[in-house]
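1. Below is the structure, and that's it, no one-letter string:
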């Protein structure tokens, strides 16, 4: 009887050792996958070329002319980087173009590859807008 209890206790200890090793392995796996995601996120930003900036300005100017809006009085502010979205099909390189005139601010998100306007927002302020950052995408300043 004593031998049965001793062997049963050793099996219980061995089971807990195996379970703890499995949990440690899963924890390390989660950490490594998180590091790969962070590395992928850092690599998804790049600086736009002068041609890409001019192309984005031309798209915005064409869009405003389609809305019968005069573009001469607007101040153009182009974001300092292009955000690449690889997780959607097809992948998109997006640049933000902001325009400011008196008490009106407009923001465009443009796909550089296709020339498509993905988002356009127009905001009117009472008393005029404050300083506008050039690196604001999705409402978050990086």
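-> Everything's here; your move. Everything numeric here is computed off the predicted structure, so don't read it as measured data. Residues are numbered from 1 along each chain as shown.

2. Leaving out chain neighbours, which residue sits closest to residue 125?
-> In space, residue 125 comes closest to residue 103 once its chain neighbours are excluded; the distance is 4.7 Å by Cβ to Cβ, 6 or more residues apart in numbering. (Glycine included, C-beta is placed from N, CA and C.)

3. wait, isn't that neighbour in contact with residue 73?
-> No: proximity of residue 103 to residue 73 does not meet the contact threshold set by Cβ atoms under 8 Å, at 12.0 Å.

4. Looking at stretch 46-63 now, give me its mean pLDDT.
-> Across stretch 46-63, the average pLDDT comes to 87.

5. That stretch: which residues count as buried?
-> 48, 52-53, 55-57, 59-61, 63 (16 or more other Cβ atoms under 10 Å).

6. Could you tell me the end-to-end distance of stretch 78-95?
-> 8 Å (Cα to Cα, to the nearest Å).

7. Mind listing what's buried along that stretch?
-> 78-79, 81-84, 92-95.

8. Just the closest of those residues to residue 25, please.
-> residue 84 (32.7 Å; Cβ to Cβ).

9. how near is that closest one to residue 95?
-> 10 Å (Cβ to Cβ, to the nearest Å).

10. And for residue 64?
-> 16 Å.

11. now residue 77
-> 11 Å.

12. what about the strands in the chain?
-> Secondary structure of the chain (DSSP state E): strands at 45-46, 75-78, 82-85, 92-101, 104-111, 117-124, 136-137, 140-141.

13. No further questions, thank you.
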